[in-house]
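Colleague: Sequence below, structure please.
(chains A and B)
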Amino acid sequence: MKKQDNASPLRKIIFGLLVLVIVVWMLFPFYWAVNSSFKTEAQLQMTPATLIPRDPATNAMSFSPGNYQAVFRNNAFLRGFLNSAIVAISVTLLALVIGSSAAFAMGKLRFRGRTPSLYLVLAMTMFPQVAVLSGLYAMIVATGASAIPSMIVTYMLFTLPFTVWVLTSFFAGLPVEIMQAAQVDGANAFQTFTKVLLPLTTPALVTTGLLAFIAAWNEYLFALTFTSIEPQARTIPVVIALFTGEVSRQQPFGEIMAAGIVASIPLIILVLIFQQRIVSGLTAGAVKG
Amino acid sequence: MAGKSSDMSGLAKREERLAWLLLLPTFIVIVLIAFYPLGSVFYSSFTNRTFASSAPTEGVGIANYRQLLSMTIQRLEPVMDPDTGQQKLNARTGEPVYETAVAALPREPYRYRSVTEFSLFGNRYVIGATDPDFIKSVRDTLVFTVATVVLELVLGLGIALVINGFASGGIGRAALMAVMLVPWAIPTAVSSRMWQFMFGSTRTGFFNTVLWHLGLGDGNIPFLTDPRFQMPAMITIDVWKTTPFMALLLLAGLQLIPGDLYEAASVDGASQWRKFWSITLPLLRPTVAVALVFRTLDALRVFDVFQIVLAQSRYSMASFTYYELINNRAMGYSSASSVIIFVLILIFAVLYIRLVGVKTE
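Modeller: Model (predicted):
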């Protein structure tokens, strides 16, 4: 705390205020969603809107769990949650299996074409999904593939290059001596990879896996497009964007907020547990060359 | 390593074979979901291909691109008052009257419609386009990109400096980082819906309530339907969602600056401002450059927030492409729009790779 100790009291106050402003700015929209999710339709229609759910007549605090009950009775939502879990977990595993092999090759093996391969992967991390939207959609329509496998495969477009890129720099950073020692012990290159290096890579695998999971859980453009003819395959972002509620009303915002919070909870838990790893992964992808 | 002895070169060959074997799945995936569809998008962009249509697909040359990109500027003739010989004035507003844009814009061989009107050196002009929706989507996406990237950079730098004021490894820093990851982690679909509700057009919405309490506005400002407020609303939502990411990147850059430099500057009696301008900013430049290009690439393909909050009342380039494909089933036309986005992003991506480069060894 060296920087803080010798600071003047005024400085400390300004610093504290800045921290407060940042925290409020970052959390307030989320707080507002939580607040609204506990309001009944009548409470939502109150003008002016209240900072905590209040009874329209008595103005006493009054929380209603009705929106959450409705969300958990909503089959489209539950189905969406399940679809998202299937898609995000499959994408994560697939990206890690395919990505770690490629990363090992590029980080630790010598072969002609290594530099062009690295450039290709780096270029692919920036590939805009919308550029292939109609092409992928045409492929899916032509092959009659169903939406969930289509999403799992096409999500490789934004998860795989990133995974390979971050893992490659991690593999490259592992000391060569470890590989040499394993080879002296009679292991071939592939055994060295699976038995010796891969366990050492676990922290990096967790980091990139988390980022792949979050990206897949949140993806909207492909999910919306590919499920346009297959509504039962919709993932959670699509369900929330198209939410109509239990009975079809105009924009049931209480339920939408409740659904949005439930959909965000897995991500918030991941963020709280793996904060350090996520931050290091995010910056590794963008800052390290 | 290779070529020292026949045994070594055999080993090197095996290593090379293994490398390609391990890379193969990645390359197959890239070809299957990036190169092949990109090729088919490029090809389709020169056709009139339409989904679920009985009309045969034909090559149309550059017609899709011409339709998307054709623009013209026409001068609007003043409307003269036959009685006075002067330009007519609008009876209500007192503004001079010009002929309508429709009258000035060409109709043959392709019909141009008005994008916007402006005045310059006492003349009135209209900008027309054969597809004003697309031209507007390009304009709005560029405005969105410049505004969000600049705001996120400035605010992100401020936040990064505040976080950097905490001791590393301390609880305060960890707590603030966790808070910042919330907007970043939640799905854009969720945050778009949250903000859509906050921007509600009555006092059931947060912003109308606050402005009304402050005595500003009548509590019924239509933030999301009034064209004047739509872009600021989009920018506000994105800045909230993405500033944390920017701050994290810049924080990583701040941590690379050696502490000795600041200590040496303190010994020399440099003020905080002086240290910021002479040490922090210059040494942060590479990080800022990378973050800028990275964010620009991302902002140019913005889709979620535009599609969810504004739907078809206002497009980004990506949401325009989506609606052409899904609502109009215009595969060819949508593909041409995709190609234009791709080329635009490619230019920035090349810039990015130049900045970052690849460490080959």
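Colleague: Count the neighbours of residue 99 for me.
Modeller: With no chain named, the answer covers chain A. 29 (other CB atoms under 10 Å in any protein chain shown). To be clear about C-beta, it is placed using only N, CA and C from the backbone, and glycine gets the same treatment.
Colleague: wait, chain B
Modeller: So residue B:99, with other CB under 10 Å, has 15 neighbours.
Colleague: and the closest residue to chain B within the stretch 101-250 of chain A, what does it touch?
Modeller: Nearest residue of the stretch 101-250 of chain A to chain B, counting by CB to the nearest CB: residue A:135, 2.9 Å away. Going by CB atoms under 8 Å, 6 or more residues apart in numbering or on different chains, residue A:135 touches B:36-41, B:44, B:335, B:338.
Colleague: switch to 6 Å and redo it
Modeller: Residue A:135 is in contact with B:37, B:40-41, counting by CB atoms under 6 Å, 6 or more residues apart in numbering or on different chains.
Colleague: likewise residue B:297?
Modeller: A:126, B:345, B:348.
Colleague: same question, residue A:121
Modeller: Residue A:121 neighbours (CB under 6 Å, 6+ apart): A:161, A:164-165.
Colleague: Would you mark the buried spots in the helix or strand harbouring it?
Modeller: Using DSSP states H and E, residue A:121 sits within helix A:114-124. Using 16 or more other CB atoms under 10 Å in any protein chain shown as the test for burial, helix A:114-124 gives A:114, A:117-118, A:120-124.
Colleague: now swap in stretch B:113-120 and tell me
Modeller: B:113-115.
Colleague: What average pLDDT does it get?
Modeller: For stretch B:113-120, the mean per-residue pLDDT is 87.
Colleague: contact partners of that stretch?
Modeller: For stretch B:113-120, using CB under 6 Å, 6+ apart, the contacting residues are B:101, B:125-129, B:132, B:135.
Colleague: The closest residue to chain A within chain B: what's it in contact with?
Modeller: Proximity of chain B to chain A (CB to the nearest CB) peaks at residue B:37, 2.9 Å away. Each residue near residue B:37 by CB under 6 Å, 6+ apart is listed here: A:132, A:135-136.
Colleague: Which ones among the residues you listed lie within helices?
Modeller: A:135-136 (DSSP state H).
Colleague: Buried ones in the helix or strand residue B:65 falls within, by neighbour count?
Modeller: Using DSSP H and E, residue B:65 sits within helix B:63-69. Judged by neighbour count using 16+ other CB under 10 Å, the buried positions of helix B:63-69 are B:63-65, B:67-69.
Colleague: and that helix with chain A, contact?
Modeller: No: taking CB under 6 Å from any CB of the partner chain as the criterion, helix B:63-69 and chain A are apart, separated by no less than 11.6 Å.
Colleague: could you say what helices and strands that helix packs with?
Modeller: helix B:331-356 (3 or more CB pairs under 6 Å, 6 or more residues apart in numbering or on different chains; DSSP states H and E).
Colleague: would CSV of the buried residues of stretch B:113-120 with secondary structure be doable?
Modeller: Below are the buried residues of stretch B:113-120 laid out as CSV (DSSP: H, G, I helix; E, B strand; the rest coil):
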residue, secondary structure
B:113, strand
B:114, strand
B:115, strand
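Colleague: low pLDDT regions in chain A?
Modeller: A:1-7, A:245-249, A:285-289 (pLDDT under 70).
Colleague: Recalculate using a threshold of 50.
Modeller: Scanning chain A with the threshold set as pLDDT under 50 gives A:1-4, A:288-289.
Colleague: In contact with the spatially most central residue of it, which residues?
Modeller: Geometric centre of chain A, nearest residue: residue A:214, 1.3 Å, by CA atoms, centre = their mean. Counting by CB under 6 Å, 6+ apart, residue A:214 touches residue A:267.
Colleague: Secondary structure element holding it?
Modeller: Applying DSSP H and E, one finds residue A:214 within helix A:202-218.
Colleague: So which elements touch the helix or strand following that helix?
Modeller: Moving toward the C-terminus from helix A:202-218, the next helix or strand (DSSP H and E) is helix A:221-226. Applying 3+ CB pairs under 6 Å, 6+ apart, we find helix A:221-226 packed against helix A:147-154.
Colleague: can the helix it packs on be found next to chain B?
Modeller: Yes: counting by CB under 6 Å from any CB, chain B is contacted by helix A:147-154 at residue A:154.
Colleague: Identify each buried residue in that helix, please.
Modeller: A:147-148, A:150-154.
Colleague: Now tabulate those in CSV and tack on distance to residue B:275.
Modeller: Formatted as CSV, the buried residues of helix A:147-154 follow (distance: CB to CB, whole Å):
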residue, distance to residue B:275
A:147, 55
A:148, 54
A:150, 53
A:151, 49
A:152, 50
A:153, 51
A:154, 48
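Colleague: re earlier: now, the contacts of residue A:135 that are in helices?
Modeller: Going by DSSP H, the helices hold B:37, B:40-41 from these.
Colleague: Quick check: mean pLDDT of the helix holding residue B:65?
Modeller: On average, helix B:63-69 scores 92.
Colleague: Fine by me, thanks again.
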